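Novice: need a 3D model of the sequence below.
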Amino acid sequence: EPSIAVDPNDPTRMAIGWRQFDNIASDFRQAGYGYTADGGATWTFPGVLEPGVFRSDPVLDSDADGNFFYNSLTADGGSTNFRCHVYKSVDGGATWDTGVYAWGGDKQWQAVDRTAGIGSGNIYTVWNRSFTSCIGGDFTHSWDNGLTFEPCSSVPGSPNWGVLDVGPDGELYISGDGMTIAKSSTIQDSTLPVAWDFNDTVDLGGSLRSSTGPNPGGLLGQNWVAVDHSDGPNRGNVYMLASVAPNSSADPLDVHFSRSTDGGLTWSPPVRVNDDPGTNAWQWFGTMSVAPGGRIDAVWLDTRNDSGGGFLSELYYAFSTDAGATWSPNEAVSPPFDPHVGWPQQNKMGDYFDMVSDDFGANLAYAATLNGEQDVYYVRLGDPFCTDAGTVDLDRPKYACDGTVNITVLDCGLNTDDNTVEQVTVDIDSDSETGVETVLLTETSAGSARFEGSIPVSVNDSAGVLLVSEGETVTVTYIDADDGAGGTNVPVTAAAPV
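Specialist: Alright, predicted model coming up:
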């Protein structure tokens, strides 16, 4: 059950949490974790959060400042003793504090508000109310960035086996078994009581399954909800994806997707994401995340290539750039493995994976038995648009008169040495600036082909500062020496108003 957090300000910093079993002869587990500061090229495994303490169901997320939060379940006998603590890391997952009591229960999930609104830094968490120390409750939240958690309350419809996501205006969505969806559009306001706009069900063309097939002691996947934060026409779209037993065929599991363009009130007919022609394969552990620019990423485990009709599974990936109307051809991104080996006195390989997308690809934490045991793996998916045709992006759709412009170039043609961190320059200009300012961008890690840099902007002119005033336009220009299609020294631009 691996879960991943990525620093939104420095995506080379990530942490993954998992259930750490030191001996498969016992189902005792602890809160394991690892971290990277080089984009996943290398990982450090310090151990566990609390040695000797039973912990399970790890869920990680980050806030807008790059702090990481690790929600962990513990229990010491009886269904009413399930409870959670949330641990915070301010150094990219290298160290963690002693944790804060956060109510909770079995199969909890959490989401952190990373918007620029009044709810920024709020933490929301939901769980299965059948296994909790909070009798009759299944929801809590923190108004103070994880210092304390409010008394638990209830979500209409009691969603479980699902996740949460925060929309661009701070609204909160919660998905669950039965394809339920609940929404609060005022949850971000600490001066208001917790209130829910609605809870409803979505026709995803099937239902979740558990305790069968490739994962006989666990879930075959959760019900995922995610919201589009892009600045285009799909901003605010709500997406749902899950591995479901389809109503219309004998296929044991397919990955289905649906979208809402009106804040969760109505939903599109379900779309089948997996493109295998047969009806005998298991597409399980369907997992979804949405990039800031709106691309939707999906992964799952797939038995389509097991000619013996068994459960040998491969990790598959697909993405959509049109709000889920169509999907890319499915791509296998792992070797096949047998999910029925390495069971730690539990006949399952956990219950979920976790993924975080950016505009150049996706960061996935998943489990597999490639070494004959259950191990946790990190994989960088994509980059789907990393070609020799370079792109340049600004980090905001609009800038204040005093602040910082962050610039990103992605160009696989610039990556001439996978063992060296390389650099490139871009020019940035405004209406007020005389001439142009040059910004040096540095590769985020050796071989990443992603280059980042920044420049201050101000109404006061000085060296190394871009002069601006309100109403102007900031324009950055990258000269692509070779666009891979015969073009040389091709200017590539991005612009945003002030």
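Novice: mean confidence for stretch 64-83?
Specialist: Averaged across stretch 64-83, pLDDT comes to 89.
Novice: mind checking the end-to-end distance for that stretch?
Specialist: 26 Å (Cα to Cα, to the nearest Å).
Novice: equivalent analysis for stretch 467-476, please.
Specialist: 14 Å.
Novice: so which bits of that stretch are buried?
Specialist: L467, V468, E472, V474, T475, V476 (16 or more other Cβ atoms under 10 Å). C-beta coordinates here come from the backbone N, C-alpha and C atoms, glycine included.
Novice: any idea which residue sits dead centre in this structure?
Specialist: V356 (2.5 Å; Cα atoms, centre = their mean).
Novice: which element, helix or strand, includes that residue?
Specialist: strand 354-358 (DSSP states H and E).
Novice: likewise for D169?
Specialist: D169 belongs to no helix or strand, assigned by DSSP H and E.
Novice: give the bridge partners for Y478, please.
Specialist: Counting by DSSP bridges, Y478 is bridged to V492.
Novice: likewise for the one 10 residues further on?
Specialist: The residues listed as beta-bridge partners of T488 by DSSP bridges are D482.
Novice: neighbours around it, how many?
Specialist: When neighbours are counted by other Cβ atoms under 10 Å, T488 registers 9.
Novice: look up how far P216 lies from V392.
Specialist: 49 Å (Cβ to Cβ, to the nearest Å).
Novice: between those two, tell me which one has more neighbours.
Specialist: When neighbours are counted by other Cβ under 10 Å, V392 comes out ahead of the other of V392 and P216, with 22 against 16.
Novice: the closest residue to that one other than its chain neighbours: neighbouring residues, count only.
Specialist: Excluding its sequence neighbours, the residue lying closest to V392 (Cβ to Cβ, 6 or more residues apart in numbering) is Y478, at 4.1 Å. By other Cβ under 10 Å, the residues close to Y478 number 27.
Novice: Y478 against V492, yeah?
Specialist: Yes. Between Y478 and V492 there is a contact under Cβ atoms under 8 Å: 4.7 Å.
Novice: what is in contact with these two at once?
Specialist: Residues touching both Y478 and V492 (Cβ atoms under 8 Å, 6 or more residues apart in numbering) are G390, V392.
Novice: returning to what we had before: looking at the buried residues of stretch 467-476, which are in strands?
Specialist: Counting by DSSP state E, the part of the buried residues of stretch 467-476 found in strands is L467, V474, T475, V476.
Novice: roughly how far does the residue nearest to the centre of the chain sit from Q345?
Specialist: 31 Å.
Novice: same question for V100.
Specialist: 30 Å.
Novice: does D388 touch D483 like I think?
Specialist: Yes. Counting by Cβ under 8 Å, D388 touches D483, with 6.2 Å between them.
Novice: would you map the strands across the stretch 251-400 of the chain?
Specialist: 254-260, 271-272, 283-290, 296-302, 314-320, 331-332, 354-358, 361-368, 375-382, 391-394 (DSSP state E, counting those that start in this stretch).
Novice: which strands and helices sit next to the third one?
Specialist: Meaning strand 283-290. strand 224-227, strand 238-246, strand 254-260, strand 296-302, strand 354-358, strand 361-368 (3 or more Cβ pairs under 8 Å, 6 or more residues apart in numbering; DSSP states H and E).
Novice: which of those sits most buried?
Specialist: Among these, strand 296-302 has the highest mean neighbour count (mean count of other Cβ atoms under 10 Å), at a mean of 27.
Novice: for that one, the distance to its chain's centre please.
Specialist: Distance of strand 296-302 from its chain centroid, counting by Cα atoms, centre = their mean, to the nearest Å, is 12 Å.
Novice: next one: stretch 326-335
Specialist: 18 Å.
Novice: not counting it itself, show me its contacts.
Specialist: 257, 271, 273-276, 298-299, 302, 305, 314-320, 368, 370, 377, 379, 381, 384.
Novice: CA-only coordinates of the helix-or-strand element of the chain with minimal mean pLDDT in CSV, if you can.
Specialist: Within the chain, no helix or strand scores below strand 391-394, which has a mean of 89 by mean pLDDT, DSSP states H and E. This file holds the C-alpha atoms of strand 391-394, laid out as CSV (Å, rounded to 0.1, in the frame of the first residue of the first chain):
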residue,chain,number,x,y,z
THR,A,391,8.5,23.5,-24.6
VAL,A,392,8.7,26.4,-22.2
ASP,A,393,6.2,27.1,-19.4
LEU,A,394,5.5,29.8,-16.8
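Novice: okay then, goodbye and thanks.
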